[in-house]
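Asks: From the sequence below, what's the structure:
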Amino acid sequence: MDYETIVGLEVHVELRTESKIFCSCPTTFGAPANAHICEVCAGLPGALPRLNKKVLDYAVMTALALSCEVTKESRFDRKNYFYPDLPKGYQISQLYAPIGRNGKVEIEYSGKDDSSEQRTKTIRIHELHMEDDAGKLIHDPLENVTRIDFSRCGVPLLEIVTEPDFRSAEEVVAFLEQLRNMLKFLGVSDCKMQEGSLRADVNLSVRPIGEETLGTRTEMKNLASFRAVAKAIEYESERQWAIVKGGGTIARETRRWDEEKEASFSMRKKEDAAEYKYFPEPDLPVMRISDEKIETIRKTLPELPIEKKKRYIEQLHLPAYDAGILTSSKPLTVLFERTAELGGDPKEASNWIMVEFMKILNDHGDNAEDFEMRQDSLGEIILLVKDGRISRASAKALLLAAYEQGAIPEEFAQEHDLWLISDKEALHPIVEKVLQDNPKALAEYRAGKVKNKQFLLGQAMRETKGKADPSILAGVLQECLESE
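Replies: The predicted model follows:
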C-alpha cells in the first residue's frame, strides 16, 4: 500500500533587535555565558516586563509579508512548564490572540522525480506569534555535568506555524529557503541557522494515500540545517510507515534528531496545550493596533524576493533561472540592481554576475550572503568596457581586484595601465613584430590558408597583453597583410 507524508512546521525566528523583548539586556550573539541577564529575564520577584516596540513592529511587518490578518487586539499569555533553562518557570507567549492569523505563502520547488520541473504550491500560515526565548543547556560529557547559560533568556522570537500542507521534504526545504530569504529582505532577522536565529520543528504523520484522517504525529527538534530537515523528514516518514504497515501504533511524542547518526530518538511525550495551563499574562497590557499603524508599516514593506523575481522575468526579460539566482540573497539583489542602474543594461548586468562574479565567489569559497564589495564597482567596470576604455579581459582582472582588494575600478585601471590601446600608430610596430616572428603562418596565409589570420590576430593580442582594441587591431593587421 502506498502512503503519503503530512508535514506541518513551527518555525522560530530570532528577531534582529538590539535588546531583548521585555528588558534592555543586549541580544549580542557569542557573549560569555550569563553575561546578558537581569532581574526581568531571570524572573526575579517584582521585576516587571515591558514590551520592546521594535519587536511589535517587526511582528506586524512579518505578518503582513505573510499575507496574515493582523490581530488588532493582541495579548500575551503565560505558558507554564518547568525546565532548567527557564528561570521564570513559564514562557511569555501568545495562544489566544496571536499577532497574525490565516496567512499564505506561494512556494516554487523542484519535484523529487524531475528536478528540472518547477512546481508551485500555496502553503497556509495558521498563525504567527511573539514570545521570549529560553536559555541554553550546555552538556559537558567529560565532567558529566550540564551547565546553563541564561543569556538567551528573553531574546525576542517570532513563531510561524503552518498548516499541515507539506507532502515532501522538497516542499519543506523550498518553503524554509523562501521564508529565510523573505525575512532577510525585511531586515527582521539574520536567519543564521548555525547561531540558532532560525529553527524549525517538524510535525510529521503518515497515512495511506486516499485516507482523509490524519495519522498520529510526532514533533522533531534539533534541526540545525536544511539538510537536516530533509533527512529527518525522510527518516521519520519511513520509520512511521514501517510501524503502521506492521500493525503498530505511532506514539505522540517529541523526538530529537541526531545529525551524526541521521536518526531520530524519543525525548518525551508530546504535551497538549492544556498541560501548559495557559492564562493571560497579568503583567503586560493588551496591545491595540490601529488601522493607521498597520497601513504605516505596510508602506515600509520592501519588494519581496518572489515579487522581484516575477518583475525581473516580465519586465527585464531575464531567464527564470537567472532571476531566481539574483533574488536568492539580498546582497546579490542589491548588487544586480545597482549594476543594472549604472550600466543601463539589466541583461548585461545579469550576465556578468551569473558568470564572472559567481565564479569569483566559488573560487573563494564564499557565498552570496556574506560577500563584501562596493555596490558600484561592477557597474563602473561594465561602463569602462562599454565606452571602449578597457578590454573584457582587463575587466575580469578589475572585477577580481575590486572583490579582493576593494579597488576602485578607474583608479586601478590607471595604476596598472589597463586602458585599451586604440592608437593605430602604436599598434603598427606590434603587428609587424608578430608577422616577423611567425614567418611560416604568414607564408601559409599568403598561400591561401586564410584561417591563419585569426592565429596572427591572437598573437598580436597576446603581445598587447589583451589591451588592444580588437576591431582596431584587426584593421591594422589587415593593412599590414595587404602592404607586404
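Asks: Within the helices and strands, which one has Ser266?
Replies: If you go by DSSP states H and E, Ser266 is part of strand 263-269.
Asks: Just checking: what are the partner strands of that strand?
Replies: strand 253-258 (antiparallel) (DSSP bridges).
Asks: In PDB, list the C-alpha atoms belonging to the partner strand.
Replies: In PDB, the C-alpha atoms belonging to strand 253-258 read as follows (Å, rounded to 0.1, in the frame of the first residue of the first chain):
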ATOM      1  CA  GLU A 253       5.900  12.300  21.200                       C
ATOM      2  CA  THR A 254       8.700  14.800  20.700                       C
ATOM      3  CA  ARG A 255      11.800  13.300  19.100                       C
ATOM      4  CA  ARG A 256      15.300  14.600  18.800                       C
ATOM      5  CA  TRP A 257      17.200  14.500  15.600                       C
ATOM      6  CA  ASP A 258      20.800  13.200  15.800                       C
END
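Asks: List the contacts of the helix or strand that the strand holding Ser266 is followed by.
Replies: Once strand 263-269 ends, the next helix or strand along the chain (criterion: DSSP H and E) is strand 279-280. Strand 279-280 is touched from outside by 75-78, 96, with contacts defined as Cβ atoms under 8 Å, 6 or more residues apart in numbering. Heads up, the C-betas are built off the backbone N, CA and C, glycines and all.
Asks: Please pick the buried ones from these.
Replies: 75-78 (16 or more other Cβ atoms under 10 Å).
Asks: what's near enough to touch Asp201?
Replies: The contact partners of Asp201, by Cβ under 8 Å, 6+ apart, come to 9-12, 219-221, 223.
Asks: same thing but at 7 Å, please
Replies: Taking Cβ atoms under 7 Å, 6 or more residues apart in numbering, we find Asp201 in contact with 10, 219-221.
Asks: Apart from its neighbours in sequence, what residue is nearest it?
Replies: In space, Asp201 comes closest to Glu10 once its chain neighbours are excluded; the distance is 4.3 Å by Cβ to Cβ, 6 or more residues apart in numbering.
Asks: what is that neighbour paired to in the beta sheet?
Replies: Following DSSP bridges, Glu10 is listed with bridge partners Val161, Asp201.
Asks: what's it in contact with, if anything?
Replies: For Glu10, the contacting residues are 159, 161, 201, 203, by Cβ under 7 Å, 6+ apart.
Asks: Check Ser329 too.
Replies: So Ser329 contacts 368-369 (Cβ under 7 Å, 6+ apart).
Asks: Could I get the phi/psi values of it?
Replies: Ser329 has phi and psi values of phi -150, psi 150 when expressed as degrees, to the nearest 10.
Asks: part of a strand, is Leu137?
Replies: Yes: according to DSSP: H, G, I helix; E, B strand; the rest coil, Leu137 belongs to a strand.
Asks: With adjacent residues omitted, what lies nearest to Asp165?
Replies: Nearest residue to Asp165 in three dimensions, chain neighbours excluded: Ile123, at 4.9 Å (Cβ to Cβ, 6+ apart).
Asks: and the one you found, what pLDDT?
Replies: pLDDT for Ile123: 97.
Asks: Pretty sure it sits against Ile107.
Replies: Yes: with contact defined as Cβ atoms under 7 Å, Ile123 counts as touching Ile107 (6.0 Å).
Asks: got any residues that touch both of those two?
Replies: Jointly contacting Ile123 and Ile107 under the rule Cβ under 7 Å, 6+ apart are Phe175.
Asks: hey, where'd the helices end up in the stretch 351-484 of the chain?
Replies: Counting by DSSP state H, counting those that start in this stretch, the segments of the stretch 351-484 of the chain that form helices are 358-364, 377-386, 392-405, 409-415, 424-437, 439-446, 452-463, 470-483.
Asks: for the ones you listed, which one sits closest to Gly343?
Replies: helix 377-386 (4.1 Å; Cβ to Cβ).
Asks: ok, and what's touching that closest one?
Replies: Under the criterion Cβ under 7 Å, 6+ apart, residues 335, 338-339, 341-343, 348-349, 352, 357, 390, 392, 395, 398-399, 402, 409-410, 413 lie in contact with helix 377-386.
Asks: Now the buried members of those residues.
Replies: When the contacts of helix 377-386 are checked for burial by 16+ other Cβ under 10 Å, the buried set is 335, 338-339, 342-343, 348-349, 352, 357, 390, 395, 398-399, 402, 409-410, 413.
Asks: those helices in the stretch 51-200 of the chain, which residues are they?
Replies: Ranges of helices in the stretch 51-200 of the chain, per DSSP H, counting those that start in this stretch, are 53-65, 169-186.
Asks: Redo these as JSON lines? Include mean neighbour count, distance to Phe82 and mean pLDDT.
Replies: Below are those laid out as JSON lines (neighbours: other Cβ atoms under 10 Å; distance: least, Cβ to Cβ, whole Å; pLDDT from 0 to 100):
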{"stretch": "helix 53-65", "mean neighbour count": "21", "distance to Phe82": "26", "mean pLDDT": "98"}
{"stretch": "helix 169-186", "mean neighbour count": "21", "distance to Phe82": "31", "mean pLDDT": "95"}
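Asks: per-residue confidence at Val431?
Replies: You'll see Val431 listed with a pLDDT of 85.
Asks: mind listing what it touches?
Replies: Applying Cβ under 7 Å, 6+ apart, the residues near Val431 are 460, 476-477, 480.
Asks: Looking at these, spot the one nearest Asp140.
Replies: Ala460 (69.3 Å).
Asks: Tell me which residue is most central in this structure.
Replies: In the chain, the C-alpha nearest the mean C-alpha coordinate belongs to Asn181, at 4.2 Å (Cα atoms, centre = their mean).
Asks: Let me see the contact set for the nearest residue to Leu128 once chain neighbours are set aside.
Replies: Using Cβ to Cβ, 6+ apart and skipping residues adjacent in sequence, the residue nearest Leu128 is Gly100, 3.8 Å away. The contact partners of Gly100, taken as Cβ under 7 Å, 6+ apart, are 63, 66, 68-71, 127-128.
Asks: hang on, the earlier thing: so can I have TSV of the helices of the stretch 51-200 of the chain showing distance to His428?
Replies: Listed next are the helices of the stretch 51-200 of the chain as TSV, based on distance: least, Cβ to Cβ, whole Å:
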stretch	distance to His428
helix 53-65	63
helix 169-186	55
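Asks: Tell me which residues are up against the strand holding Ser266.
Replies: For strand 263-269, using Cβ under 7 Å, 6+ apart, the contacting residues are 220, 232, 235-236, 253-258.
Asks: Stretch 434-448 now?
Replies: 452-453, 455-456, 459-460, 463, 480.
Asks: Straight-line length of that stretch, end to end?
Replies: Stretch 434-448 has its terminal residues 19 Å apart, counting by Cα to Cα, to the nearest Å.
Asks: buried stuff in it?
Replies: In stretch 434-448, counting by 16+ other Cβ under 10 Å, buried: 434-435, 438, 441-442, 445.
Asks: how far is that stretch from where the chain is centred?
Replies: Mean C-alpha position of stretch 434-448 versus that of the full chain (Cα atoms, centre = their mean, to the nearest Å) differs by 56 Å.
Asks: Next: stretch 248-262.
Replies: Centroid displacement of stretch 248-262 relative to its chain, using Cα atoms, centre = their mean, is 28 Å.
Asks: quick one, which of the helices of the stretch 51-200 of the chain is nearest to Pro285?
Replies: For these, proximity to Pro285 was assessed by Cβ to Cβ; helix 53-65 is nearest, at 12.2 Å.
Asks: Show me what that closest one is packed against.
Replies: For helix 53-65, the elements it packs on are strand 69-70, strand 114-132, strand 156-162, helix 169-186, helix 291-300, judged by 3 or more Cβ pairs under 7 Å, 6 or more residues apart in numbering; DSSP states H and E.
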